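>>> Let me see the structure of the following:
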Amino acid sequence: MRAEAITDVQTKSTTTDVVTAADRAVERQVIDSLRSARPGDTVLGEEYGEAAAPGPGAVRWILDPIDGTVNYLYGLPQYAVSLAAEVDGVVRAGVVINAATGDEWTATLGGGAWRDGRRLRCSERTELAQSLVGTGFGYDAKRRAHQGAVLAQLITQVRDIRRFGAAALDLCAVGEGLLDAYFEKGLNPWDHAAGGLIAAEAGAIVAGLAGAPPGLDMVVAAPSAVFTPLHDLLVELDAAGGA
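Okay, here's the model as predicted:
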């Protein structure tokens, strides 16, 4: 429904933070299917929020109907549906599908990360200076200014930077070794729940800064040898600061 959906575009947090009719339609479709198959579960979705808080031992599905909506709007083939199953605050399973290409990544806790029947391993890079690092930017102008300042100091200390515009796919790229590392401030649970599990099950460390879990302040994903120097540099540059 892309041709139809991009004619019905609204904004959320800022004028550049867009949501299309397809975002809402996909979320409704997935929620309806989940409730039909598993009526006792709850769903946390980007567009409609959460119907009810999950009880102990209950499954909560975490859904981003279109991660990379701006890419979707422009026809750039880098946007995804991301779905994770969480129990008692721990993500147990995740799937990310690039809706433009059909590529699909999956993971289960302790069961590894997979793509097309092939088990994934993250990069074996050992030096930050030789690492290709992915990142993303927020929609608020003040946050972008801070992120740009951080990036200006970081870019001279890594191989190069990539910004693809879909956090879930960036995390899958770390899991597959297409990126050596990734970091971003401002990610919500639906942005990183499934992709984070895929990267972690492929051998990457996925965490926040200073021992914090991955979340709004920061998500960092990298192989162990690169994680520590990247983490320490991000702390030094106050990457979690700003707006």
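
>>> Off-centre distance for stretch 205-221?
Remark: stretch 205-221 is offset 12 Å from the chain centroid, using Cα atoms, centre = their mean, to the nearest Å.

>>> if you average pLDDT over it, what comes out?
For stretch 205-221, the mean pLDDT works out to 97.

>>> Which residue ranges of this structure form helices?
2-5, 21-37, 69-74, 141-154, 167-176, 189-201, 224-236 (DSSP state H).

>>> Of those helices, which is nearest E104?
Nearest to E104 among these is helix 167-176 (9.3 Å), distances taken as Cβ to Cβ. From N, CA and C alone the C-beta is placed, and that goes for glycine too.

>>> wait, what's in contact with R143?
137, 185-186, 242-243 (Cβ atoms under 8 Å, 6 or more residues apart in numbering).

>>> circling back: which of the helices of the chain sits closest to G89?
That would be helix 189-201 among those, by Cβ to Cβ, at 10.3 Å.

>>> Quick one: the helices of the chain as JSON lines, columns for distance to V133 and mean pLDDT too.
Formatted as JSON lines, these follow (distance: least, Cβ to Cβ, whole Å; pLDDT from 0 to 100):
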{"stretch": "helix 2-5", "distance to V133": "30", "mean pLDDT": "65"}
{"stretch": "helix 21-37", "distance to V133": "28", "mean pLDDT": "90"}
{"stretch": "helix 69-74", "distance to V133": "19", "mean pLDDT": "90"}
{"stretch": "helix 141-154", "distance to V133": "7", "mean pLDDT": "95"}
{"stretch": "helix 167-176", "distance to V133": "10", "mean pLDDT": "98"}
{"stretch": "helix 189-201", "distance to V133": "13", "mean pLDDT": "98"}
{"stretch": "helix 224-236", "distance to V133": "7", "mean pLDDT": "98"}
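
>>> Redo those as JSON lines? Include distance to G89.
Shown next, in JSON lines, are the helices of the chain (distance: least, Cβ to Cβ, whole Å):
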{"stretch": "helix 2-5", "distance to G89": "33"}
{"stretch": "helix 21-37", "distance to G89": "19"}
{"stretch": "helix 69-74", "distance to G89": "27"}
{"stretch": "helix 141-154", "distance to G89": "27"}
{"stretch": "helix 167-176", "distance to G89": "19"}
{"stretch": "helix 189-201", "distance to G89": "10"}
{"stretch": "helix 224-236", "distance to G89": "22"}
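
>>> So which of these is nearest R92?
R92 lies closest to helix 189-201 among these, at 8.1 Å (Cβ to Cβ).

>>> CA atoms only: put the closest one into PDB for me.
Presented in PDB, the C-alpha positions along helix 189-201 are these (Å, rounded to 0.1, in the frame of the first residue of the first chain):
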ATOM      1  CA  PRO A 189      12.100  -0.400  23.000                       C
ATOM      2  CA  TRP A 190      10.500  -1.100  19.600                       C
ATOM      3  CA  ASP A 191      13.500   0.300  17.900                       C
ATOM      4  CA  HIS A 192      16.000  -2.100  19.400                       C
ATOM      5  CA  ALA A 193      14.200  -5.000  21.100                       C
ATOM      6  CA  ALA A 194      14.400  -7.500  18.200                       C
ATOM      7  CA  GLY A 195      17.500  -6.200  16.500                       C
ATOM      8  CA  GLY A 196      19.300  -6.000  19.800                       C
ATOM      9  CA  LEU A 197      18.700  -9.700  20.500                       C
ATOM     10  CA  ILE A 198      19.800 -10.600  17.000                       C
ATOM     11  CA  ALA A 199      23.100  -8.700  17.400                       C
ATOM     12  CA  ALA A 200      23.600 -10.200  20.900                       C
ATOM     13  CA  GLU A 201      22.900 -13.700  19.800                       C
END
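
>>> Perfect, I'm done here.
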